[in-house]
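Engineer: 3D, please:
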Amino acid sequence: MSYRDEQLSEEKVFKDPVHRYIHVRDRVIWDLIGTPEFQRLRRIKQLGTTYLTFHGAEHSRFSHSLGVYEIVRRIVENFREQPNWNENDRLLCLCAALLHDLGHGPFSHSFEKVFDLDHEDYTREIILGDTKVNEVLSNVDPHFPQEVADIIHKTHPNKLVVSLISSQIDADRMDYLQRDAYFTGVSYGHFDMERILRVMRPMDDQAVIKESGMHAVEDYIMSRYQMYWQVYFHPVTRSAEVILSKILHRAKELYHSDYKFKLAPTHFVSFFEKRVSLDDYLKLDENVVFYYFHIWQEEEDDILSDLCRRFVDRDLYKYIEFNPGSEYRELMDLKDCFIEAGIDPSYYLEVDSSSDLPYDFYRQGEDEERLPILLQVPNGELKELSRQSEIVEAISGKKRTDHKLYYAEDLIEKLPEDSQIKRRINEIIKG
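Structural biologist: Predicted structure coming up:
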């Protein structure tokens, strides 16, 4: 029996709070889970700084990746007897599902913005580079690592397999919505996944949904909408992300000004100098980052020390609703007042914007094509979801954006009570 087809002598299972059990029978999958690169995901939180808002949100990219694998495993089991499905694609699907988040760094998106990185690029590097993951995949076939990487990066010609991992109704979203809802303790992310999996059908270019499952899909779309605005874009979480970004920016600025750190930023140097090797990237997880933040509270630089204390002790910035378009003049005045008061607006004042498009489909002339969710009606014809669902039609293509102004209220309060600057700052903030 080839390594591709090799099965474990006994099925392995992971107990999981979302899917009850995650089943592993393929030797390849079991070996991938045991690699250092995949085990590293235990040390990367799925929701970054959200644990500072929802205290239960301590779950990892590791558990999410296993969850996505399990959903895809169940999908391909259901597809086995279906037309348009090639059973030879099964292992490719499972490996891509398991490894889709392999390149995430500490605190994921906030970290990426500061250092201009892309976790998908690192996912590709890990899969194709000199790693244990690559070694396992290459044992299947020398071309297999490239195939897996191409599925994750949506460049593989097999669009059906790509759609299972990345589309508007994919295994990735179906897992994180339920998992994040479970660990944050909210009810928004729950939907009837069992129903969706039962009515999912393979087609040449993507998976489609039988029309009888439309209401389950509506529920899924609304769950996603609610999770983004009630959890993912929560203003307190965003306040923590602002401070996290400011810490990294400050450390980077100090490094380039030849500041002498008490604890040298050894693990960050290649990031500061924009020469990050794959080895450097893999060594930096959230445990390491948090250790630096903890120690940097004792740094002589008042700003770095203060920012790290705020993050470690959850002393976050306050926020107000803010429109950066119509209130631009007020923002400039506020920055001037901060400078006059001796408060650095680069680190203690920030406008943060979040936006989401809950469902959309390709419209001619737009830059980015969005693969629609297609319903299969009884005669076999395919209909785009919003053409059949009034609920989805009502929100389709509607992008919602939210702006907040974050500021260090305690530093303003420390200004003398008779200070004109303090009064002016409060006038602007309180409208």
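
Engineer: who touches stretch 113-129?
Structural biologist: Contacts made with stretch 113-129 from outside it, assessed by Cβ atoms under 8 Å, 6 or more residues apart in numbering, are listed as 37, 99-105, 108, 111-112, 133-134, 137, 145-146, 148-149, 152-153, 245, 248-249, 252, 271, 274, 276, 278, 281-282. (Glycine included, C-beta is placed from N, CA and C.)

Engineer: what residues of stretch 414-422 count as buried?
Structural biologist: 415, 421-422 (16 or more other Cβ atoms under 10 Å).

Engineer: make TSV out of these and add distance to residue 181.
Structural biologist: Output for the buried residues of stretch 414-422, formatted as TSV (distance: Cβ to Cβ, whole Å):
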residue	distance to residue 181
415	42
421	45
422	42
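
Engineer: mind checking which of these are in helices?
Structural biologist: Counting by DSSP state H, the members of the buried residues of stretch 414-422 that fall within helices are 421-422.

Engineer: buried only: go through the contacts of stretch 113-129 for me.
Structural biologist: Judged by neighbour count, with 16+ other Cβ under 10 Å as the criterion, the buried members of those are 37, 99-105, 108, 111-112, 133-134, 137, 145-146, 148-149, 152-153, 245, 248-249, 252, 271, 276, 278, 281-282.

Engineer: among these, which lie within strands?
Structural biologist: Among those, no member falls in strands (criterion: DSSP state E).

Engineer: quick one on the thing from earlier: quick one: which of the contacts of stretch 113-129 sit in helices?
Structural biologist: Among the contacts of stretch 113-129, the members falling in helices (DSSP H) are 37, 99, 108, 111-112, 133-134, 137, 145-146, 148-149, 152, 245, 248-249, 252, 271, 278, 281-282.

Engineer: show me this protein divided up by domain.
Structural biologist: 3-232, 237-354+403-429 (automatic domain parsing).

Engineer: okay if I get these as CSV plus mean pLDDT and distance to residue 373?
Structural biologist: Converted to CSV, these look like this (pLDDT from 0 to 100; distance: least, Cβ to Cβ, whole Å):
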stretch, mean pLDDT, distance to residue 373
domain 3-232, 96, 5
domain 237-354+403-429, 96, 24
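
Engineer: and those as JSON lines, adding distance to residue 388?
Structural biologist: Formatted as JSON lines, the entries for those read as follows, by distance: least, Cβ to Cβ, whole Å:
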{"stretch": "domain 3-232", "distance to residue 388": "6"}
{"stretch": "domain 237-354+403-429", "distance to residue 388": "30"}
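
Engineer: which of those sits closest to residue 394?
Structural biologist: Proximity to residue 394 (Cβ to Cβ) singles out domain 3-232 among the domains of the chain, at 10.4 Å.

Engineer: re earlier: can you tell me which of the domains of the chain is packed in deepest?
Structural biologist: Stretch with highest mean neighbour count among the domains of the chain: domain 3-232 (a mean of 19; mean count of other Cβ atoms under 10 Å).
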